[in-house]
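Peer 1: how would this look folded up:
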Amino acid sequence: MTETTEQAPKTATHDSEPQDKLRTFMNSGWGDIERTDASLRDVAAWTEKRRAALSQAFPGERLVIPAGTFKVRSNDTDFVFRPHTDYVWLAGDQTSDAVLVLEPNGSGHDSVLYFRPRSERSQGEEFWRDRMYGELWAGRRPSLTETAKEFGLETRHVDELANALKGDVPTRVRRGEDGSLAAVLSGAKVDADRDHELAATLSELRLVKDPFEIEQLRDAVAITHRGFSDVLAEMEQVRKYGERWIEGTFWRRARAEGNEVGYTSIAAAGPHATTLHWIENDGPVNDGTLMLLDMGVENRSLYTADITRTLPVNGEFTPRQRELYQLVLDAQNAGIAALKPGVPFASGHKAAIEVLVNGLSAMELLPVSAEEALETTLHQRYTLHGVSHMLGLDVHDCAAARTEQYRGDLKTGYVLTVEPGLYFQAEDLTVPEDLRGIGIRIEDDILITEDGTENLSAAMPREVEALQSWMR
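Peer 2: Numbers count the residues shown, from 1 in each chain. Below you'll find the predicted structure:
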């Protein structure tokens, strides 16, 4: 396996050209840094099975699944790299600029992982001049040998990829947003329409979570629980600094125990809670109001939780807040109870919305009967969104799946959220003044089991008294 190839280092506009004596000095006097403890990771047994399932779906075709590359944040600074979800699911690896290729071999596929490994320090300038891949700039990259040992895959340098993709073999590509494969695909027999089918198939294969994935989701949920508790333990600072303190406190836990947050945290206090995706997180947190916290940790295997709790800032619900909260909780309980293998995906949504609409009707907040509101969806003024989405490596997981699959009957191993909400905008004149500016959502992560469901986030309090005790 060839570790390096010569290439011009990626430098900045105003970097000076080094003198020959510096080059000679920088390329000498380094010890061996090859890891000797690399061994097969637990995920490798599962990724092998996943690749086999994908292989069966596309016999005789070459399949190309890239990890992606860095994305520019501003000028010469990049966002922290996060690999493409389908790549992680099939390879287990998290290295940038990698491409997994499943090459047809007559009876199935051979899997080869192409990526840019660490460069040798005895030759070339990449390791000390390259701002994107150089070890002294960006940190250590694994070697080909190390990655092969850890993930049970044949590994090759990414510079060999262009030649490997040439020829008349029908090729499907899981295309991302960065376009980093454009040059190397020029010699391959590719078809954009066929690529869409590959994306859909991968999402559909990922709908059922294997035991490894379920354990990763449990881990992400447990860390998320601790992150919420961190916030509640610092309410004095939250009142002082507002929503920013909530976001920062939760992020600290996510980085300490996981990889990151799975999505930009929603720390919405007061009327901000009526904005579904409030991510500015720059407002005050005042006593007497509610704070809607929609936050999830992405663990180190890149699986994410997605949990929402709505809590009274001063630790006690007012009677009106309690009435609304209990209605949303009843709706969520109904939505969870409606889920089991074999029922339509929308069953939880339908059950939860029926409870909400009947509750709104009983409060005389609807201009029509509950039955007519359900038929005409007038209730969406106050409920706004669907109750469920799939969850896994992505917070909105398996999004490329065909609608008939995604919204079809539930199967054992699916993981989805149940998250009803009520939102009364601050300027909404159709509701009493004391309701305006109140937003409430409760969200949990639900595993479909053989005989029903398991609430993976059940340890996080939801009941009114339990929530208030948690805050105390």
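
Peer 1: for the chain, longest helix please?
Peer 2: Identified as the longest helix of the chain according to DSSP state H is helix 211-232.

Peer 1: Report the buried residues of that one.
Peer 2: Neighbour counts using 16 or more other C-beta atoms under 10 Å place 212-214, 216-225, 227-228, 231-232 of helix 211-232 among the buried residues. Bear in mind the C-beta positions are built from the backbone N, C-alpha and C, glycine included.

Peer 1: And the strands in the stretch 251-400 of the chain, which stretches?
Peer 2: In the stretch 251-400 of the chain, the strands defined using DSSP state E, counting those that start in this stretch lie at 260-261, 266-269, 290-295, 297-298, 307-312.

Peer 1: circling back to that earlier point, beyond the longest helix of the chain, next helix or strand please.
Peer 2: helix 235-241 (DSSP states H and E).

Peer 1: pLDDT on that next one, on average?
Peer 2: Average pLDDT, helix 235-241: 98.

Peer 1: Kindly report the same for stretch 253-261.
Peer 2: pLDDT averaged over stretch 253-261 gives 98.

Peer 1: before we move on, the earlier item: the strands of the stretch 251-400 of the chain into TSV, with extra columns for distance to Val88?
Peer 2: Formatted as TSV, the strands of the stretch 251-400 of the chain follow (distance: least, C-beta to C-beta, whole Å):
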stretch	distance to Val88
strand 260-261	14
strand 266-269	24
strand 290-295	22
strand 297-298	11
strand 307-312	22
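
Peer 1: So which of the ones you listed is nearest Leu113?
Peer 2: strand 297-298 (22.6 Å; C-beta to C-beta).

Peer 1: List of residues touching the closest one?
Peer 2: 220, 223-224, 227, 253-254, 257-262, 304-305 (C-beta atoms under 8 Å, 6 or more residues apart in numbering).

Peer 1: and Gly423, that's in a strand?
Peer 2: You called it Gly, but residue 423 is Tyr. Yes: judged by DSSP: H, G, I helix; E, B strand; the rest coil, Tyr423 forms part of a strand.

Peer 1: gap between it and Thr377?
Peer 2: 15 Å (C-beta to C-beta, to the nearest Å).

Peer 1: These two: which is more packed in?
Peer 2: Between Tyr423 and Thr377, Tyr423 has the larger neighbour count (other C-beta atoms under 10 Å), namely 21 against 11.

Peer 1: Let me know the distance separating that one from Ile266.
Peer 2: Where Ile266 is concerned, Tyr423 sits at a distance of 13 Å (C-beta to C-beta).

Peer 1: Kindly reformat the contacts of strand 297-298 as TSV and extend each row with distance to Trp46.
Peer 2: Putting the contacts of strand 297-298 into TSV (distance: C-beta to C-beta, whole Å) gives the following:
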residue	distance to Trp46
Ala220	17
Ile223	21
Thr224	23
Gly227	27
Arg253	27
Ala254	24
Glu257	22
Gly258	20
Asn259	18
Glu260	22
Val261	25
Gly262	20
Thr304	18
Ala305	20
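
Peer 1: from these, which is closest to Ser74?
Peer 2: Nearest to Ser74 among the contacts of strand 297-298, with distances taken as C-beta to C-beta, is Glu260, at 19.1 Å.

Peer 1: residues touching the closest one, list them.
Peer 2: 80, 82, 254, 297-298.

Peer 1: Next, format those residues as CSV and append distance to Gly68 and neighbour count.
Peer 2: Shown next, in CSV, are those (distance: C-beta to C-beta, whole Å; neighbours: other C-beta atoms under 10 Å):
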residue, distance to Gly68, neighbour count
Val80, 12, 9
Arg82, 8, 16
Ala254, 21, 26
Val297, 22, 33
Glu298, 16, 24
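
Peer 1: Which strand or helix spans Asp444?
Peer 2: strand 444-449.

Peer 1: So which bits of that strand are buried?
Peer 2: 444-448.
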